[in-house]
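1. For reference, the sequence and a predicted model appear below.
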Amino acid sequence: MNKTMNKSLVTIVLTAALLTTASFPAWAADGLSGVVVAGTSAITSYTLTDKIEVEIKSILNNHESDSTKLGAVIRVRNTSGNVTRVPDFELRVRMADGIEYTLQPSATNPKSIQPKSQQELSYLTTVERSDDVALTDLSFVDVDLEVYPKEETTLLTVPVDAGLVWNGSDSTITKPSAILKWGEAFTLPSLRSSLGFLPVDIHKEITAKGVSTVVQIQVLNPTKERQTVPNFGIDGKTDNNVYSGSRAETSVILDPGEKKYIHVVIPTELDTEFTSLNVVTPENFATAIGEGKFHEDSYRVGRVNILLPAGALTQGVIPAPEYTLGTAVKLDTTNKFVPSNVDVSLVELHVTSNEDDGFNSAVAKFKLTNNSERPIPIPAIQTELVSKDGYAYVGRRQEATALSVVPKASYVVSYSYALPASETGEGLKMNLYSQQASGDTTYKSLLATAKVPVQKNEPTSKVLNVYPFEIGIKDWTISAIFQGNMTYDYKLKLDLDINPDKQVTVDKFNSKLSFELFDNVGNPVGKSVQALSGEGRLYNGSNTINLNAKSNQLDFPIQVKVFETFTNEYGESVKRLLTTFKQ
């Protein structure tokens with residue numbers, strides 16, 4: 001029997017950058033044009049008959065307690081121009097101690113192969129042995145049962161590379177070509193896929209369903225044909241455990257040259273810190289249990305190991321550039337969440353102390369500018385502040401917004417963050433996400449990240465910056481008016497110069513001003529909330545504000561604190577101190 005080996009090196013050269021981005025400016029990455037991506041390796045074809053070639057796709061040697069599961073997936077190719085029957089053979093594995101085992105074929109293995117095409121054959125068996133022993137050889141054996149005694153002819157014997165054998169989820173990938181650093185691109189040649197993959201982000205999420213780690217992968221189709229992303233998952237590895245993850249998007253098709261994101265969700269504990277990730281692919285084996293009924297047995301085989309830098313889940317894996325307030329966030333073209341003709345910019349970020357509640361709060365404002373000629377829906381961007389120690393604080397968006405941004409105009413959306421009292425705001429990083437859902441699975445996809453500056457609060461300033469308004473205070477007085485019912489009614493008179501950013505559309509959902517009166521011992525005795533837009537708003541010139549406080553005696557001294565205020569999506573009232581009037 002001819003045992004000539006035909007070797008074909010499967011290496012994919014990407015013809016376009018996997019990740020082309022700008023700063024937040026969003027993360028940046030060098031183009032990979034003309035670079036052979038990591039994770040590629042030689043796939044060897046072996047001649048089995050004059051019409052059939054075979055390749056070894058997967059080999060399993062998974063020892064557990066007192067048994068060992070042995071398996072293999074063989075890819076068979078019909079090189080002829082006619083339909084060809086799959087040869088009758090037994091697939092056997094030889095162990096390092098010389099013992100040989102025959103693997104059982106899957107009940108769903110195909111019986112024939114179309115011309116110039118290929119099929120996969122799955123084999124699996126469980127043997128009772130308590131020791132863990134290496135697998136060394138794979139043999140294709142023709143067994144003739146028509147004669148006595150039966151005759152066996154070895155068609156092909158293949159020495160097995162130890163790096164090809166998967167020993168279960170605890171296995172360590174050792175092939176140098178399959179070990180990557182975070183951010184290196186890879187392919188999956190064992191799946192006959194031409195697609196390129198690039199790990200982009202990894203972050204932890206806490207939801208009502210528990211804690212999970214989300215891995216964001218960018219996929220590029222460098223070919224001139226539509227391609228389907230092959231089935232794969234990702235396992236997270238710690239020093240002691242392995243956590244299995246699954247794809248959020250189960251079916252993804254890419255047009256020629258197209259890039260898309262794929263997300264893998266890995267359920268974890270709160271304190272789980274991965275040291276690396278294994279890219280794994282599923283294999284299936286079927287056992288007949290009745291007429292047309294089968295029992296499916298599946299396992300996953302590791303293909304690529306991605307090393308994670310220390311602190312990846314706390315400090316992040318993407319370098320965060322310095323950001324200048326008011327500049328546009330340029331999102332990469334892979335992002336489909338924010339339209340390309342919409343600019344997003346962070347225009348305000350303040351951290352204030354809530355002494356009564358024992359924590360600090362931050363308020364951020366984002367401006368969305370519609371550069372197109374038609375209204376564009378306002379994307380519900382999710383935000384997150386990350387401290388220099390790696391603690392993440394999720395932003396809570398304002399309770400309601402307009403439905404869209406009108407053409408050639410801007411709209412402002414506010415977010416609040418609850419921070420510990422020890423958080424000063426120094427070294428903060430801002431992450432922007434899109435909220436995604438696939439079936440019952442929800443996850444966030446990173447849009448941008450950057451180090452952001454915190455603005456200083458100047459509560460004695462005569463100019464109040466409440467974007468998109470700049471409010472100049474020309475004069476103010478607090479008066480106590482004696483009423484006929486023997487009480488004093490307090491009013492605040494303001495002479496204002498209000499200058500809005502005329503490019504920004506304002507509505508009833510904008511922040512308001514809360515004027516709060518405190519007596520001579522610091523107790524709140526009245527307040528009034530005034531709008532900056534719409535009916536009943538404050539105007540340029542003289543404004544008289546009833547503080548809704550009545551007292552049987554004339555208090556002195558008194559003070560009025562002025563806050564910017566809005567309600568977030570959780571129904572919480574958010575306040576930021578702007579200035580104080582003392583009289």
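-> All right, it came through fine. Note that the structure is a prediction, hence the values are computed from the model and not measured.
2. and the gap between the residue lying closest to residue 323 once chain neighbours are set aside and residue 546?
-> Distances taken as CB to CB, 6 or more residues apart in numbering place residue 450 nearest to residue 323, at 3.8 Å, with adjacent residues excluded. Using the backbone N, CA and C atoms, a C-beta is placed for each residue, glycine as well. According to CB to CB, to the nearest Å, residue 450 and residue 546 sit 44 Å apart.
3. any weak-confidence spans in the stretch 301-450 of the chain?
-> 332, 355-357 (pLDDT under 70).
4. And the helices in it, which stretches?
-> For the stretch 301-450 of the chain, applying DSSP state H, counting those that start in this stretch gives helices covering 312-315.
5. Local confidence estimate at residue 38?
-> pLDDT for residue 38: 52.
6. Compare neighbour counts for residue 450 and residue 546 and give me the winner.
-> Taking neighbours as other CB atoms under 10 Å, residue 450 and residue 546 compare with residue 450 leading, 25 against 13.
7. Look up which residues are beta-bridged to that one.
-> residue 430 (DSSP bridges).
8. Is it correct that it is in contact with residue 428?
-> No. Counting by CB atoms under 8 Å, residue 450 stays clear of residue 428, with 9.8 Å between them.
9. Tell me where the model's unsure across the protein.
-> Checking the chain against pLDDT under 70 turns up 1-42, 332, 355-357, 460, 484-486, 552-554.
10. quick revisit: got any residues that touch both of residue 450 and residue 428?
-> Common neighbours of residue 450 and residue 428, using CB atoms under 8 Å, 6 or more residues apart in numbering, do not exist here.
11. so how far does stretch 271-281 reach from one end to the other?
-> Taking CA to CA, to the nearest Å, the first and last residues of stretch 271-281 lie 27 Å apart.
12. and that stretch, which residues are buried?
-> Along stretch 271-281, these residues count as buried under the neighbour rule (16 or more other CB atoms under 10 Å): 272, 273, 274, 276, 277, 278, 279, 280, 281.
13. from the chain's centre, how far out does it sit?
-> Remark: stretch 271-281 is offset 14 Å from the chain centroid, using CA atoms, centre = their mean, to the nearest Å.
14. Residues touching it, excluding its own?
-> 58, 173, 186, 188, 190-191, 197, 199, 202, 204, 211, 213, 215, 230-239, 241-243, 300-308, 312-314.
15. Sitting in helices, which of these do you find?
-> Mapping those onto helices (DSSP state H) picks out 312, 313, 314.
16. out of those, which is most surrounded?
-> For these, counting by other CB under 10 Å, the largest number of neighbours falls to residue 312: 22 neighbours.
17. Look up how far residue 179 lies from that residue.
-> Counting by CB to CB - residue 312 and residue 179 are separated by 16 Å.
18. can you check residue 218 too?
-> 20 Å.
19. When these two are compared, which one has more neighbours?
-> The neighbour count for residue 218 versus residue 179, taken as other CB under 10 Å, is higher for residue 218 (22 against 17).
20. residue contacts, residue 81?
-> Shown in contact with residue 81 (CB under 8 Å, 6+ apart): 115, 116.
21. try 6 Å
-> residue 115 (CB atoms under 6 Å, 6 or more residues apart in numbering).
22. Could you do residue 569 as well?
-> Taking CB under 6 Å, 6+ apart, one finds 396, 397, 399 in contact with residue 569.
23. Turn the ones in helices among the contacts of stretch 271-281 into CSV, including distance to residue 538.
-> CSV is the format used below for these (distance: CB to CB, whole Å):
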residue, distance to residue 538
312, 48
313, 46
314, 44
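24. and which of these is nearest residue 385?
-> residue 314 (13.5 Å; CB to CB).
25. Verify the stated contact: that closest one with residue 390.
-> Yes. The pair residue 314 / residue 390 is scored as a contact, 2.9 Å apart, by CB atoms under 6 Å.
26. For the residue nearest the centre of the chain, give its distance to residue 376.
-> The centroid of the chain falls nearest to residue 445 when counting by CA atoms, centre = their mean (3.8 Å). With distances taken as CB to CB, residue 445 is found 19 Å from residue 376.
27. all strands for the stretch 451-583 of the chain, in order.
-> 463-466, 469-482, 488-500, 512-518, 524-530, 541-551, 559-567, 573-582 (DSSP state E, counting those that start in this stretch).
28. between these, which one is nearest to residue 424?
-> Nearest of the strands of the stretch 451-583 of the chain to residue 424, taken as CB to CB: strand 573-582 at 16.1 Å.
29. Check which strands are paired with the closest one and give the direction for each one.
-> In its sheet, and by DSSP bridges, strand 573-582 pairs with strand 559-567 (antiparallel).
30. Direction-wise, compare the partner strand with strand 469-482 and give the angle.
-> 130 degrees (axes from the mean of the first three to the mean of the last three CA atoms, to 10 degrees).
31. Which of the strands of the stretch 451-583 of the chain sits closest to residue 267?
-> Here strand 573-582 is closest among the strands of the stretch 451-583 of the chain (CB to CB), at 32.4 Å.
32. Can you give me the buried ones in the closest one?
-> Per 16+ other CB under 10 Å, strand 573-582 contains these buried residues: 574, 575, 576, 577, 578, 579, 581.
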